[in-house]
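S.K.: Give the three-dimensional model of this entry:
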Amino acid sequence: MGEKRSLSVNLNLMFAILNAGSTIGLALMIPQTQFGLPFVISLCLVMLGYFQAFFRGMPDSVIGTGAKRWGYSLLMTVLLMVLIFAGGIVMQITAMLGAYVWP
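M.R.: Presented below is the predicted three-dimensional model:
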């Protein structure tokens, strides 16, 4: 993607964007708990927060402009949501196993 950079610079960029996206995503989860919004609406709000963090946060030299920028931001948003759901499932299974093992 874009010009060559070292792995540490690319990781730094990605984690900076993930940090901003996670902050926005967590802030957007407040309406879900306070106003009882349906899950689909709150999920769309969180995805919009992550999408705009990727879209606005990555420099043009990394992902380009135009349709490539839209596509990459959408891909990263969907991938991040899949990882969040997979992490949630793993944590629920771990919690259930822990509850059964706990004396």
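S.K.: What count of nearby residues applies to Leu43?
M.R.: By the measure other CB atoms under 10 Å, the count of residues near Leu43 is 17. All C-beta atoms are positioned from the backbone trio N, CA, C, and that covers glycine.
S.K.: backbone phi and psi for it, please?
M.R.: Backbone torsions for Leu43, taken as degrees, to the nearest 10, come to phi -60, psi -40.
S.K.: Is the residue nearest the centre of the chain within a helix or a strand, and which one?
M.R.: Among the residues of the chain, the one closest to the centroid is Leu80, at 4.3 Å (CA atoms, centre = their mean). Assigned by DSSP states H and E, Leu80 belongs to helix 67-101.
S.K.: Could you list the buried residues of that helix?
M.R.: Arg69, Tyr72, Ser73, Met76, Thr77, Leu80 (16 or more other CB atoms under 10 Å).
S.K.: Could you do stretch 28-35 as well?
M.R.: Leu28, Met29, Gln32.
S.K.: For Gly88, state which of those is nearest.
M.R.: Minimum distance to Gly88 across the buried residues of stretch 28-35 is 12.9 Å, recorded for Met29 (CB to CB).
S.K.: close enough to count as contact, the closest one and Phe39?
M.R.: No - Met29 lies out of contact with Phe39 (CB atoms under 8 Å); the separation is 11.0 Å.
S.K.: Show me what the helix holding Leu80 is packed against.
M.R.: Helices and strands touching helix 67-101, by 3 or more CB pairs under 8 Å, 6 or more residues apart in numbering; DSSP states H and E, are helix 39-57, helix 60-63.
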